[in-house]
Structure formats: structure tokens, C-alpha cells
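A.B. asks: next one to model:
(one chain, ligands or ions: 2)
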Amino acid sequence: MISNQIIKDILSESGYVKAISSEEEDDVVGCNPEGKYLVSFDPLDGSSNTDINSLIGTIFSIFHAPQWMEPNDPSAFLQPGTQMVAAGYVLYGPSTMLTLTTGRGTHIYTLDKTHGGFLLTKGNVQVPQDTSEFAINMSNQRHWEPAMQSYVADLLAGDTGPRGKNYNMRWVAAMVGDIHRLLCRGGLFAYPYDHRDPKKPGKLRLMYEANPMAFLMEQAGGMASSGDQRIMEIMPTDIHQRVPVIMGSANEVEACLGYHQQAQASE
Ligand code: FDP
Ligand code: ZN
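C.D. replies: Ligands and ions are numbered 1, 2, ... in the order given. Below you'll find the model as predicted:
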């Protein structure tokens with residue numbers, strides 16, 4: 001809640017922003033009626049990691065504000081991710097890093113406290129196309145669809161299984177930390193569709209988590225899908241909507257989607 005208030009105040013006072021939507025706000029918050037941009041953000045992703053001094057971060061996406069909109073009109077936020085002007089996250093780890101795209105590659109900047117600014121430390125990030133690392137909350141396995149179950153079973157089968165190699169698993173339990181690792185060394189991250197609650201087809205939020213990370217991933221040569229659609233092409237119906245997420249190294253995402261396509265074909 002404190003992170004939300006800090007970011008909300010800074011964006012409102014900047015003058016650039018017409019309205020914001022946040023994971024921690026029920027409704028859109030109007031800012032400067034003359035502002036040119038809409039900003040959606042997850043103020044503190046992985047907030048349960050705060051108590052254990054583990055990775056947390058802020059995720060954001062920026063869209064153009066239509067001229068016709070009233071500052072507190074939520075419908076203006078219902079744009080597909082392909083309309084994003086910029087997206088990124090700030091990772092509060094051993095060093096503080098800003099990862100940003102404006103649609104011309106994905107770039108990583110590191111906070112330099114001596115000089116007080118973010119310095120470009122890794123330009124034009126390229127996510128390796130292949131990987132032998134995946135990130136998924138295995139405790140939800142029994143709730144997944146059959147396609148996801150068999151994909152992960154094949155990863156776990158290792159070098160004597162159908163995928164022919166051993167896979168390693170990592171789970172930070174903060175999307176921002178997992179996606180940062182993927183941008184640095186590749187991997188597949190999934191919070192897939194599960195059957196528990198039909199009102200929640202996934203856990204992650206389209207506007208605050210899935211879209212900005214999809215934009216960063218695609219700009220770094222990776223892929224991002226809901227299982228049956230490119231995440232950035234999803235037409236939102238609600239600012240807080242949740243979506244299934246599969247993203248990361250292109251060949252591994254393709255492999256995972258192959259299981260989904262096969263399952264659809266045999267329905
Ligand atoms: P959190 O609820 O702590 O904010 O935002 C959702 C999220 O974290 C993601 O950052 C993270 O990947 C996921 O939930 C962790 O989910 P599990 O509790 O299933 O591990
Ligand atoms: Zn989050």
C-alpha cells in the first residue's frame with residue numbers, strides 16, 4: 001500500500017499522466033486532464049517476499065491516453081498490449097535495476113547510487129532461444145489442464161524422456177524475479193490456466209504483469225502466450241483481468257504450445 005501511494009503521488013504530480021490503474025486500486029485514478037499517458041502498474045510484485053528479504057519489484061506499462069477520455073474513465077485502459085508505448089520493471093535486488101522497452105529492444109539499467117542515476121548495463125538483451133530451465137509452481141500441478149501436465153511430465157522425465165535432456169527448475173515466487181532471470185539467461189516461466197476457480201483463468205494480471213513482461217520478452221527475442229493466444233493481442237475486458245501466462249525462450253515456449261495445439265486438435 002505504501003509503494004502504491006508513492007508511485008501514485010509521483011505519477012500524479014509529474015503532469016504527464018492522465019490516469020493510472022494499479023493492482024492496489026479498485027478503480028482507475030484520474031490525474032492531469034491534460035496528461036498524454038495512461039500508466040498501469042503493480043506497485044510491489046512478490047510482496048510476500050518482503051518479509052523474507054527476497055526479490056520484489058515494480059512492474060509498469062504505459063499507453064497513450066485518448067483525447068476523448070475523461071480522466072477517470074476505465075474504458076480507455078482496455079487496449080491490447082500491442083498498443084503499449086513502453087513497459088518495464090524495477091527490480092529491488094542486490095542491486096536495483098530498471099529493465100525497459102519502448103519497442104526498440106529491451107535494455108537493462110543499474111542504479112548507480114554514487115552518481116544518482118540509472119546507467120545502461122546491458123543493452124539489447126537477447127533471450128537464448130533454447131533452454132533447460134523452467135519456472136512453475138509445481139504444487140498446483142493437479143489443477144492444470146492435461147496439455148500442461150504432460151508438457152511438464154516430459155520435462156521431468158529428463159534425458160531419457162521425449163525431450164531428451166535434463167531440465168532444472170527455479171521459482172522465486174515473484175514474477176519480476178523470475179522474468180529477470182529469464183531475460184539474463186533464458187528459461188520458460190508459466191503460471192498456466194488452472195481449474196480451481198472459473199472466474200480466475202490464471203493468477204497473473206494482464207495489465208499489471210502479463211502485458212508488460214510480454215512486451216519486454218518479445219523485444220528480447222522471446223515469446224509470450226496465454227496458451228492459445230499471443231498475450232499482447234488479448235483484448236482486455238476488465239482492468240483487473242487475469243490471464244494464463246507462458247513466456248520465455250522462443251523454442252521452449254513453442255514446444256509447450258505444441259502440447260496445447262495437440263490437445264485442441266484431438267478435442
Ligand atoms: P504475489 O502474489 O506475491 O504478488 O503477483 C502474483 C505473484 O506474486 C507473482 O509475482 C508470482 O509469480 C506468483 O504470484 C507467485 O505465486 P505462488 O504464490 O503460487 O508461488
Ligand atoms: Zn504481482
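
A.B. asks: going by C-alpha atoms from here, please, whenever you check contacts or count neighbours.
C.D. replies: OK.

A.B. asks: roughly how far apart are the spatially closest residue to residue 218 that is not a sequence neighbour and ligand 1?
C.D. replies: Distances taken as Cα to Cα, 6 or more residues apart in numbering place residue 224 nearest to residue 218, at 7.0 Å, with adjacent residues excluded. With the distance defined as Cα to the nearest ligand atom, to the nearest Å, residue 224 ends up 15 Å from ligand 1.

A.B. asks: any idea how far residue 241 is from residue 112?
C.D. replies: Between residue 112 and residue 241 the computed distance is 36 Å (Cα to Cα, to the nearest Å).

A.B. asks: of those two, who's got more company?
C.D. replies: The neighbour comparison of residue 112 against residue 241 (other Cα atoms under 10 Å) goes to residue 241, with 17 against 13.

A.B. asks: residue contacts, that one?
C.D. replies: Counting by Cα atoms under 8 Å, 6 or more residues apart in numbering, residue 241 makes contact with 205, 206, 207.

A.B. asks: go again with 10 Å.
C.D. replies: Neighbouring residues of residue 241 by Cα atoms under 10 Å, 6 or more residues apart in numbering: 199, 200, 201, 202, 203, 204, 205, 206, 207, 208.

A.B. asks: which of these fall in strands?
C.D. replies: Under the assignment DSSP state E, the contacts of residue 241 contribute 204, 205 to strands.

A.B. asks: which of the contacts of residue 241 sits closest to ligand 1?
C.D. replies: Taking Cα to the nearest ligand atom as the measure, residue 204 is the one of those closest to ligand 1, at 5.5 Å.

A.B. asks: hmm, that closest one is touching residue 242, no?
C.D. replies: Yes. If you go by Cα atoms under 10 Å, residue 204 and residue 242 touch, sitting 5.3 Å apart.

A.B. asks: quick check: pLDDT value at the residue nearest to residue 218.
C.D. replies: Note on residue 224: pLDDT of 98.

A.B. asks: what helices and strands are in contact with the helix or strand where it lies?
C.D. replies: Taking DSSP states H and E as the criterion, residue 224 maps to strand 223-225. Strand 223-225 sits against strand 188-191, helix 211-219, strand 245-248, helix 250-265, with contacts defined as 3 or more Cα pairs under 10 Å, 6 or more residues apart in numbering; DSSP states H and E.
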